[in-house]
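Visitor: coordinates only, sequence not included:
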């Protein structure tokens, strides 16, 4: 009985000692970070390092080179250690310490200009590289979807493609052939598209289902049992009524009263993967590792999910990007090729390219032509995505729901206005 207060006193002082030690350790690490110059960093081994020594003091790299020269077997663990060291030492000078750069984000910075430069040599090379580009991107998207992993490769591809296209358009395209108003409209559309893409990326975390919906396991929730197939169908009918989706039998009072009763006794949705109680039309994303409210799909180009909070900005970004790419391609082609007049709209001539056979005789004209063709290639892809999204919006569903259970041809026209109101509110 006498020793009990002493034990409590010792434990309390022990906690204070541990907390003080942890705070001191955190302050020491923070002081080390503040004392780093722009080219120094703390490596994965917790030691300070300089970016100029990217290939120094790497035992795995030395061992791999030695075994490669002596024609001996190289073990997988040495290759993994070498790659981990290189990935950790790939840094960019930054205030307060060098920042690590992802190799996936750095790849498009080299691939895109190399592809454009080689394609500007002649027409045959341009055709081969454009077809190879389509195959490479398609393969990369399928691979990312199959392994369901987060990657910054495609987002980096968008960023560097925009940078290179803007630089080449403003520097290489003969601006004397363009009206100042045309250039201003192009810049306005481009900035609007970039802002919409930024908002889509910024609002993506708000789509994730947070702890406010509960994380209680299913077996610990009272009164929740497995629903039969008949109950699931009845619950789906009640869900359609809640979402403002009306069927042909909407005027039947018996059906309405039955649905109202089902709404009162509807069971909550529980994700089978993350075990969270989720709102209606929320689905789990294997890439984000969380449930997403009104999930449409995971955009690998933006490295985020498209859902309830950023769906409108996503559509606006697609529309503005389409307009900017088509206008930029038209202005570039009519500047480097022989144009012809189609019509005059409000005193502004509408031109289209006629003969582009001489563009590869000069490298500047060739690179401008390749940028225009690249912009048209991207605009074709965006057109397919935008048309599909608008069609799904008209049908009152999302891409995820459409893939899971494609909607029938009839009984969906009544969803149009209710779905638009739900999105625009």
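Guide: Ah, there it is. Here the structure is a predicted model, which is why all the values come from computation and not from measurement.
Visitor: how near is the closest residue to residue 122 other than its chain neighbours to residue 396?
Guide: Excluding the flanking residues, the one nearest residue 122 by CB to CB, 6 or more residues apart in numbering is residue 360, at 5.3 Å. C-betas here are computed from N, CA, C, even on glycine. Separation of residue 360 from residue 396 (CB to CB, to the nearest Å): 49 Å.
Visitor: Give me the more crowded residue out of these two.
Guide: Taking neighbours as other CB atoms under 10 Å, residue 360 and residue 396 compare with residue 396 leading, 23 against 20.
Visitor: Please work out how many residues are found near residue 376.
Guide: For residue 376, the neighbour count with other CB under 10 Å is 16.
Visitor: meant to ask about residue 78, not that
Guide: As a burial measure, residue 78 scores 16 neighbours (other CB under 10 Å).
Visitor: go on, residue 276?
Guide: 22.
Visitor: Test my guess that it contacts residue 292.
Guide: No - judged on CB atoms under 8 Å, residue 276 makes no contact with residue 292 at a distance of 11.4 Å.
Visitor: residues contacting the residue nearest to residue 122?
Guide: By CB atoms under 8 Å, 6 or more residues apart in numbering, the residues touching residue 360 are 120, 121, 122, 123, 126, 366, 369.
Visitor: helix or strand right after the helix or strand of the chain with the lowest mean pLDDT?
Guide: For the chain, using mean pLDDT, DSSP states H and E, the weakest element among its helices and strands is helix 253-264, scoring a mean of 41. Scanning forward in sequence from helix 253-264 by DSSP states H and E, the next helix or strand is strand 269-270.
Visitor: on contacts alone, who are the packing partners of the following helix or strand past that following strand?
Guide: As assigned by DSSP H and E, the chain's next helix or strand after strand 269-270 is strand 277-278. Applying 3 or more CB pairs under 8 Å, 6 or more residues apart in numbering; DSSP states H and E, we find strand 277-278 packed against strand 269-270.
Visitor: What's the mean pLDDT across the strand it packs on?
Guide: Across strand 269-270, the average pLDDT comes to 78.
Visitor: just stretch 143-163 next, same as before
Guide: For stretch 143-163, the mean per-residue pLDDT is 90.
Visitor: got the buried residues for that stretch?
Guide: 144, 151-162 (16 or more other CB atoms under 10 Å).
Visitor: Mind jotting down where the strands sit in the protein?
Guide: 40-42, 48-50, 91-92, 99-100, 269-270, 277-278, 282-285, 290-293, 297-299, 304-306, 338-345, 348-355 (DSSP state E).
Visitor: quick one: low-confidence ranges for the stretch 301-425 of the chain?
Guide: Across the stretch 301-425 of the chain, the ranges flagged by pLDDT under 70 are 342, 347-349, 406-425.
Visitor: Not counting its neighbours along the chain, what's nearest residue 371?
Guide: residue 168 (4.9 Å).
Visitor: which residues touch residue 272?
Guide: Contacts here follow CB under 8 Å, 6+ apart; on that basis residue 272 touches residue 284.
Visitor: Report the separation between it and residue 278.
Guide: Separation of residue 272 from residue 278 (CB to CB): 11 Å.
Visitor: Then residue 308?
Guide: According to CB to CB, residue 308 stands 12 Å off from residue 278.
Visitor: With residue 36 instead?
Guide: Distance, residue 36 to residue 278, using CB to CB: 43 Å.
Visitor: just checking, residue 108 touches residue 152?
Guide: No - contact criterion CB under 8 Å: residue 108 and residue 152 do not qualify, at 9.5 Å.
Visitor: Settle this for me: residue 88 is touching residue 100, isn't it.
Guide: Yes - contact criterion CB under 8 Å: residue 88 and residue 100 qualify, at 6.7 Å.
Visitor: want to try a markdown table for the buried residues of stretch 143-163, with distance to residue 385 as columns?
Guide: A markdown table is the format used below for the buried residues of stretch 143-163 (distance: CB to CB, whole Å):
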| residue | distance to residue 385 |
| --- | --- |
| 144 | 16 |
| 151 | 19 |
| 152 | 20 |
| 153 | 18 |
| 154 | 13 |
| 155 | 16 |
| 156 | 19 |
| 157 | 15 |
| 158 | 13 |
| 159 | 18 |
| 160 | 20 |
| 161 | 16 |
| 162 | 17 |
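Visitor: you'd agree residue 279 is up against residue 209?
Guide: Yes - the pair residue 279 and residue 209 passes the contact test of CB under 8 Å, sitting 7.2 Å apart.
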